[in-house]
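> quick one: sequence plus predicted model below, questions after.
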There are 4 protein chains.
Amino acid sequence: MAGSTLGTILKVTTWGESHGKGIGVVVDGCPAGLPLAEEDIQAYLDRRKPGQSRFTTKRQEADRVEILSGVFEGKTTGTPISMAVMNTDQRSRDYGNIMEVYRPGHADYTFDEKYGFRDYRGGGRSSGRETIGRVAAGAIAARLLKSLGITVCAYTKAVGPYEADPAQFDPEEMYRNRLYMPDAGAAALAEAYLDRMMSECNSVGGVVECVIDGLPAGVGDPVFEKYDASLAKAILSIGAVKGFEIGDGFQAAKSVGSENNDAFRMDESGKIKKETNHAGGILGGISDGSRVVLRAAFKPTPSIAQQQKTVTRGMEETDIAIKGRHDPIIVPRAVVVVEAMAALTTADLLLLSMTSRLDRIQGFFGVHSAEHL
Amino acid sequence: MAGSTLGTILKVTTWGESHGKGIGVVVDGCPAGLPLAEEDIQAYLDRRKPGQSRFTTKRQEADRVEILSGVFEGKTTGTPISMAVMNTDQRSRDYGNIMEVYRPGHADYTFDEKYGFRDYRGGGRSSGRETIGRVAAGAIAARLLKSLGITVCAYTKAVGPYEADPAQFDPEEMYRNRLYMPDAGAAALAEAYLDRMMSECNSVGGVVECVIDGLPAGVGDPVFEKYDASLAKAILSIGAVKGFEIGDGFQAAKSVGSENNDAFRMDESGKIKKETNHAGGILGGISDGSRVVLRAAFKPTPSIAQQQKTVTRGMEETDIAIKGRHDPIIVPRAVVVVEAMAALTTADLLLLSMTSRLDRIQGFFGVHSAEHL
Amino acid sequence: MAGSTLGTILKVTTWGESHGKGIGVVVDGCPAGLPLAEEDIQAYLDRRKPGQSRFTTKRQEADRVEILSGVFEGKTTGTPISMAVMNTDQRSRDYGNIMEVYRPGHADYTFDEKYGFRDYRGGGRSSGRETIGRVAAGAIAARLLKSLGITVCAYTKAVGPYEADPAQFDPEEMYRNRLYMPDAGAAALAEAYLDRMMSECNSVGGVVECVIDGLPAGVGDPVFEKYDASLAKAILSIGAVKGFEIGDGFQAAKSVGSENNDAFRMDESGKIKKETNHAGGILGGISDGSRVVLRAAFKPTPSIAQQQKTVTRGMEETDIAIKGRHDPIIVPRAVVVVEAMAALTTADLLLLSMTSRLDRIQGFFGVHSAEHL
Amino acid sequence: MAGSTLGTILKVTTWGESHGKGIGVVVDGCPAGLPLAEEDIQAYLDRRKPGQSRFTTKRQEADRVEILSGVFEGKTTGTPISMAVMNTDQRSRDYGNIMEVYRPGHADYTFDEKYGFRDYRGGGRSSGRETIGRVAAGAIAARLLKSLGITVCAYTKAVGPYEADPAQFDPEEMYRNRLYMPDAGAAALAEAYLDRMMSECNSVGGVVECVIDGLPAGVGDPVFEKYDASLAKAILSIGAVKGFEIGDGFQAAKSVGSENNDAFRMDESGKIKKETNHAGGILGGISDGSRVVLRAAFKPTPSIAQQQKTVTRGMEETDIAIKGRHDPIIVPRAVVVVEAMAALTTADLLLLSMTSRLDRIQGFFGVHSAEHL
């Protein structure tokens, strides 16, 4: 089936393989009138670019995005925004054993089972490069949200066993160290740990946290289209994600009701607020007006230079050591991908939420409620 | 928007409020020819029925399901299967302060924000009774999977801090104790803990684990429609779920590549197997032929008899203690709901996977591959 | 696949067979706050009821609708509205040769090919009774549109070769004669023709026309989700419809540009209007603010008492004469079904149109356009 | 909303404006293993190319398609196939009054109402050039169908009042004359008529007919997803189409049951056939195994050089004569667009039809029906 399209109102379709002609995305349903330039997209793409630190691959690609449609005189037109990043570095290579041997922890085997064969060049469609399309689309969603006063911000919460301490949270720090970790102390420990694992030809997992501020209450639907359920799908659709939490997540399973329930109070401006936010900003699948907090668990990079047991396409047992340079951790480059997926989901559900109440619909169309029935 | 429909091929639509006329579901797209009787559905519904132990509400409802369409002469016809459980106990009640006061941890406030008002009787649409429709639908999905040799089985993994030990896993035990916990020792500790929390007017969270066996490789799609992403959405759409894991989940974030990667080997029958299953049966979003393992974290029941701080619809601060009898833990009754949602998602994606390869499509339609092009 | 659900925001799912336990529909996504009672639905259902004239079947069914969910204290709650009409007349019958012989012009053969077997009682799922669910849903959509000042009105345009003359259009007349034909003269000729065809054990086709007034410009999307395309699908999904026209339809194919183009002018109130309406209210797939006009061509009722050549399930040639009482023409009872389908499509696209412009979205959420970017 | 995506299994997303950087399409869900080269696509695109006769625009564009993803070593991989035609001729022009004046019969006014402003260069998104993406996608669908023994063929049925006579049907002729009309006599009359209209600065409408052969019975679903309903939507989504017919279409409305019903008979090979095909190959929304026949009515090209009355964006009445060279008739170039849309719809529903019967699903997965239940 088709699995490359996401969203109901704001519909995103990505395409492209790691070592094909390019990678791209079509964003359909973006409202007309949003100021948008290639630089707005590029700023997001640059955050997932390789080669930024000793913990990311050395492959230097410009990854320049081009907007091919849907923007006219600096503003979105309401029609599909097509964006592409052409692969500049396509010289033929020796894919050697990757072509015939299934890499453990990768999708090589499952692609072959599903499709009968696969584009084996650098991971093909299951490559991390597929996220270029997501990030480009997410940049638009984030900009749309920003135009409505809503911000989405992700960062590295944990690297292996080293976790950022909320008490040490420093928003500036996350742009200072190359792990996007908002706690300088934890980042230092994490970097040392990464260096050690790299020297052992090993790789590391971690956790990304994402917060959404400024969202009004009422976004998300009660049953299958709960806001947190849609976020979960969007986040789990990122390769290497193995777990998702909203609010206290798995910790809530160990809590008790009297602690986990968030008390409602009135704030000084006469609005309802919650004293705590164990719920992570969502009650019954619907945003409650407080900060939305989610986390994604990433497994260690499956490509490691250590010898591993595996089998060939021809069903013979063999060993493999993945050559080439691979990130020892996916997390720092995945931060912006989490942000993109959260922004896309939030923007889509926010637009959908406009149709939930007749009084507001009548207001939108300039009808007085008593007028016609 | 409409949020009560799930699935692409096997499409499920639930309806009904806690204290309305009834609860029901329409299952559209079930293949024709599946033997199906009301008893097949009822067996699943009975597993989520209240009043089965001292840990579930005392409300005694028959919850008898009726099949209204889509089954003829004992088999599904391929047309929509409508099922309903009529509420037998609808006498008018005193909903007292629930009508005017927002219960902490519930969807009362977010419903009012989203819709302007709500059916305040017993939680209305956000009541746990909504899951009756899911379980009835899930029973059909499970039966469809079984007809293809695939089984789905969920159980209680943890109650508060007490976790079932995999080394003590006893499949019979889960039907013996009323917590659906497959480890008698952990179940005994959990029951003692629950008794203590009940005596303190408090409630407890927990974790449900679900395993799927017999599924062929190739189910799920590479990008947004990954099998694990769809499972995550289905599971998070259950009220009170705050976290989701596939395979090692959050533990994978603390692991290293050399441990987390599952080595491929050949089994004695000449088929590919994995030595371990940290991945939980899914690689790159596509099933790999091994057991699928997922977990859901449930928060403590928000309804507790303790005094809690909250506000009224009229925006005045107040206190509330939830009257009536409420389950001190949702988990045991949610086990079958997790099973239902996993079965629905798996069945839908399994049917979708039939269209991924031209050679198999040609085989299905009786065409020889070289014939027409 | 699932084929019983329609719509994006306003999502409708019908269920039920002709001679099963009942017929029903779930309407999900209706905005909260719409005043709604069973009588509002019943009024629409009564218009498709059999037994109203000598041209409709004599089967007398009450067809009383019951609202099972989604309405509380007289208003829609925003959650799924489940409605059912239980079949009161289910005594077992002799379906005789219908079970084994394929009726020409019916779906018996194609159902057997698709599903392997079928519910042969009275047409099962392909019976005209399936439209009960559509009409019940359409009644809600029509009410929603009315609350926004938009009306949908269908009537019989032609019966066999007898066509209502626009010059004789009399809106009262359509409720006076039992053909819903707004031209008394044409109706008289049509009735005489129908009497003659009935006496010959034959049946007749016809055309339904539907007009939509009060719709603002901007509804529908430019490419695949054109308003007229969605209307076409909705109308063709009614059994027995073989053709669809918007505006001048097939007549436009014989016209020339200078005649077919509608000139724009300013009206006295300073708004843009069109001098003519050959386009039928839609330009480029988007409503232009003028009256929407569509037509549906219905084939003659396939059930006729004349002897017809056919084959059995066992693939033997045979003859069949359809016993029982059947409408000699579908059109008068289909008028309200066309109205329902047009209303459902229009309401869905109207709600979707709210998200096309950022300035209006910002207004909806109370944001000043210059505020956040 | 997003309106540029079509299909459930085979999902097509088009993008691009007339005078932007390019036009393209992403085809997701095409089964893996289909041999595909750029020439296969180009052959279809060449059929809609301008400049082929004196009845099409003189604008000479190469319109070379490039496949950017989803094909590897000459075969589809099952992942999204991205295709683009870059606009080679983008020099800035004088769009003069088109920018400020609403062209009658065009979407200028409705775009402005919907989006607040528009890309006015050559029609922008509502330009006929948008169909490049459809045709490229349709070429793949047609190739997929061909690999299963199914062919789709469209041709010009009528030009203004001049209609091809079925008795004169000559399949070779349709490629000989530049009107794609399979009747040399009618084509000659049509050409003379077109010359006359061109000399009068006028334009002409017409009808395209499309036949689908080799399709098995069982494609399409009973209620909202009827095969003919989906075809209708696909065809009406083509700009300038004002009417749709399946089989006898509007003629059926004037027929009687005894004539319109198609008798079933057995053919010499022991298969069921119909003696006639008034139904156009579809009964109850499901293909019946005979030829599918549909027709689309196209309005005259709205761009004419005659003076027309209209208004400006600033709401002042004015006159307009459309400069430049425009096809006096859309039909010959639209033939391949109709073919493309019919192929896309048919391929999608054919794939969906694989899931309707449990026995066939069990066969697909190698399960014996009695094995597991």
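On my side now, so go ahead. Numbers count the residues shown, from 1 in each chain, chains lettered A, B, ... in the order given.
> pull up the distance across stretch A:152-165, start to finish.
20 Å (CA to CA, to the nearest Å).
> and that stretch, is it in reach of chain C?
No. Judged by CB under 8 Å from any CB of the partner chain, stretch A:152-165 makes no contact with chain C; its nearest approach is 13.1 Å. Any C-beta I mention is one placed from the backbone N, CA and C, and that applies to glycine too.
> list the buried residues of that stretch.
A:152, A:153, A:154, A:155, A:156, A:157, A:158, A:159, A:160, A:162, A:163, A:164 (16 or more other CB atoms under 10 Å in any protein chain shown).
> could I get these in JSON lines, plus columns for pLDDT?
Shown next, in JSON lines, are the buried residues of stretch A:152-165 (pLDDT from 0 to 100):
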{"residue": "A:152", "pLDDT": "98"}
{"residue": "A:153", "pLDDT": "97"}
{"residue": "A:154", "pLDDT": "97"}
{"residue": "A:155", "pLDDT": "97"}
{"residue": "A:156", "pLDDT": "97"}
{"residue": "A:157", "pLDDT": "98"}
{"residue": "A:158", "pLDDT": "98"}
{"residue": "A:159", "pLDDT": "98"}
{"residue": "A:160", "pLDDT": "98"}
{"residue": "A:162", "pLDDT": "98"}
{"residue": "A:163", "pLDDT": "97"}
{"residue": "A:164", "pLDDT": "97"}
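> for chain C, state which of the residues you listed is nearest.
residue A:152 (13.1 Å; CB to the nearest CB).
> I figured the closest one hits residue A:343, correct?
Yes. Using CB atoms under 8 Å, residue A:152 is in contact with residue A:343, at 4.6 Å.
> overlap in contacts of those two?
A:142, A:145 (CB atoms under 8 Å, 6 or more residues apart in numbering or on different chains).
> between the buried residues of stretch A:152-165, which sits nearest residue B:71?
Residue B:71 has its nearest neighbour among the buried residues of stretch A:152-165 in residue A:152, at 46.7 Å by CB to CB.
> which residues touch that closest one?
With CB under 8 Å, 6+ apart, residue A:152 has these contacts: A:142, A:145, A:210, A:211, A:212, A:339, A:342, A:343, A:346.
> neighbour-wise, which one of those residues leads?
residue A:343 (31 neighbours; other CB atoms under 10 Å in any protein chain shown).
> distance of that one relative to chain D?
The gap separating residue A:343 from chain D is 16 Å, by CB to the nearest CB, to the nearest Å.
> so which strand or helix has that residue?
With elements taken from DSSP states H and E, the one containing residue A:343 is helix A:331-352.
> what does residue A:43 give?
For residue A:43, the enclosing helix or strand under DSSP H and E is helix A:38-48.
> pLDDT wise, what is residue A:93 at?
If you check residue A:93, the pLDDT there is 64.
> go on, residue A:176?
pLDDT at residue A:176 comes out at 86.
> check contacts around residue A:328.
A:55, A:194, A:197, A:198, A:202, A:203, A:204, A:301.
> of those, which are in range of chain B?
A:197, A:202, A:203, A:204, A:301.
> which strands and helices lie in contact with the helix or strand where the first one lies?
Here residue A:197, judged by DSSP H and E, is contained in helix A:184-199. Contacts of helix A:184-199 with other secondary structure elements, assessed using 3 or more CB pairs under 8 Å, 6 or more residues apart in numbering or on different chains; DSSP states H and E, are made with strand A:151-159, strand A:162-163, helix A:173-176.
> relative orientation of it and helix A:331-352 in degrees?
Counting by axes from the mean of the first three to the mean of the last three CA atoms, to 10 degrees, helix A:184-199 lies at 120 degrees to helix A:331-352.
> helix A:331-352 and the next helix or strand after helix A:184-199, what's the angle between them?
Proceeding N to C from helix A:184-199, the next assigned helix or strand is strand A:206-213, under DSSP H and E. Here the directions of strand A:206-213 and helix A:331-352 differ by 30 degrees (the same axes, to 10 degrees).
> with only the CA atoms kept, save strand A:206-213 in PDB.
The C-alpha coordinates for strand A:206-213 follow below in PDB (Å, rounded to 0.1, in the frame of the first residue of the first chain):
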ATOM      1  CA  GLY A 206      18.900   8.000  23.600                       C
ATOM      2  CA  VAL A 207      15.700   9.900  24.200                       C
ATOM      3  CA  VAL A 208      14.400  13.100  22.500                       C
ATOM      4  CA  GLU A 209      11.900  15.200  24.400                       C
ATOM      5  CA  CYS A 210       9.600  17.700  22.700                       C
ATOM      6  CA  VAL A 211       7.400  20.500  24.100                       C
ATOM      7  CA  ILE A 212       4.600  22.400  22.500                       C
ATOM      8  CA  ASP A 213       3.600  25.800  23.900                       C
END
